[in-house]
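Asks: Got a sequence here, can you build the structure:
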Amino acid sequence: MPPLAVRAWSATTALGRGVQAQHAALLERRSGLRPNDFGPDNADGVPLPCWIGRVDGLEDAPLPAQFARWECRNNRLAWLALQQDGMLDAVRDAVDRLGAERVALVIGTSTSSIGASEEAYRDLQPDADGTPAFPPELARPIVHTVHSLGDFVQQVSGARGPCITVATACSSSAKVFAQAARLIEAGVVDAALVGGVDTLCGSVLYGFNSLQLVSAQPCRPFDADRDGLSLGEAGGFALLERVPADTHALRLLGYGESSDAHHMSSPHPQGLGALQAMNEALARAGIAPEDVDYLNLHGTSTPANDRIEAAAVASLFPARLHASSTKGWTGHTLGAAGIVEAVFCLIALQHGTLPGILNSATPDPACGPQIRFDNAQAAIQVAMTNSFGFGGNNASLVFGVSA
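Replies: This next block holds a predicted model:
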């Protein structure tokens, strides 16, 4: 594929707001995880015993009055994330330069604004004929759809090209890069705002807990004693644009997607979907596995996911590869994981900071030499990221520096 310039990028997570906050936490090996202090409480009247990556300040940051129709926690985080690193200004500049209809929006999420729907159902009130109804302040249909996020970002950005919501579980905001690349390559648009936002809610916390995937301790990716994930929330965005080959910019070099459909929640035992996505991304980028300098792994800290992903990586890449999971920093941010970890790859390319793995101390002997617990510092040319979702929805992205 023709490489696409990444004109601007940003992420807001439990580590803080914007790229500088993310980079500082990576360097300091400072986690954003905390004991769960997010409701609703469980049947015993206490929060679910786990660790979470919560973004501070959302409760005190309502949307501007003109966007009250979209008010909810998820869109608050989207608005907050768009304010960082000049992101919203960059999109509006693209709209001015290229025309509003030539800028697409491709936004990923897993649960979108379902937290508002949970609240509405908890607070049902009788309407005029006695039928249970949403309370007036939550009787806003747009926030009860998965497209709430995409519709909101379209309103605030001014972009009027295709507006697409991608909801493929944990691969959502990685797959947005592939969708945007196809739109640009087909000539439908000249640029695309891609990104993803997911926020904590009861459905996420108790849904994953019902699958016995949530650890009571901070997650320990690829540790021999790992026992589950830590959930988080995050928002992030990037602006992709077709540019002349001699323009200096970080670039999206390739993407790979697969859908192995092995199981509703478990990865394929031989990692076939993961391998297919990685191989396809490398092929589109026109590079070999040995050309990759850093790989950000999906690495959820569940026993099966980490073992299968590590085996797939070991079968494809040389031992010298620095591969790690950053979910010990942010928690698993679900539909936002792809964009957050793409930003970590861009940080690695720009600053040479190769994250290790937090909280993990005992390497799993079943994992290959590519898995690194310690940070490293090195100038690199190519970084790659994996995002694997429920149902076998897999995506891999390759980023690089301009020649």
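Asks: Remind me what the strand or helix carrying A104 packs against, helices and strands.
Replies: Take DSSP states H and E as the rule and A104 turns out to sit in strand 103-108. Applying 3 or more Cβ pairs under 8 Å, 6 or more residues apart in numbering; DSSP states H and E, we find strand 103-108 packed against helix 87-98, helix 148-157, strand 163-166, helix 172-185, strand 191-198. All C-beta spots, glycine's among them, are computed from the backbone N, C-alpha and C.
Asks: Tabulate the CA atom coordinates of the longest one in CSV.
Replies: Coordinates of each C-alpha in helix 172-185 appear next as CSV, following Å, rounded to 0.1, in the frame of the first residue of the first chain:
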residue,chain,number,x,y,z
SER,A,172,-11.9,-1.6,17.0
SER,A,173,-9.5,1.3,17.0
ALA,A,174,-6.8,-0.6,15.2
LYS,A,175,-9.1,-1.6,12.4
VAL,A,176,-10.0,2.1,11.9
PHE,A,177,-6.5,2.6,10.3
ALA,A,178,-7.3,-0.1,7.7
GLN,A,179,-10.7,1.3,6.9
ALA,A,180,-9.3,4.8,6.6
ALA,A,181,-6.4,3.7,4.4
ARG,A,182,-8.9,2.0,2.0
LEU,A,183,-11.0,5.1,1.8
ILE,A,184,-8.0,7.3,1.0
GLU,A,185,-6.5,4.8,-1.5
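Asks: Report the residue spans of the stretch 301-403 of the chain with pLDDT below the cut-off.
Replies: 403 (pLDDT under 70).
Asks: that older thread, mean pLDDT and mean neighbour count added to the helices and strands packed on strand 103-108, as CSV?
Replies: Formatted as CSV, those follow (pLDDT from 0 to 100; neighbours: other Cβ atoms under 10 Å):
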stretch, mean pLDDT, mean neighbour count
helix 87-98, 97, 18
helix 148-157, 97, 23
strand 163-166, 97, 21
helix 172-185, 98, 26
strand 191-198, 98, 32
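Asks: how about a markdown table for those, with distance to I380 added?
Replies: Formatted as a markdown table, the helices and strands packed on strand 103-108 follow (distance: least, Cβ to Cβ, whole Å):
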| stretch | distance to I380 |
| --- | --- |
| helix 87-98 | 24 |
| helix 148-157 | 31 |
| strand 163-166 | 28 |
| helix 172-185 | 19 |
| strand 191-198 | 22 |
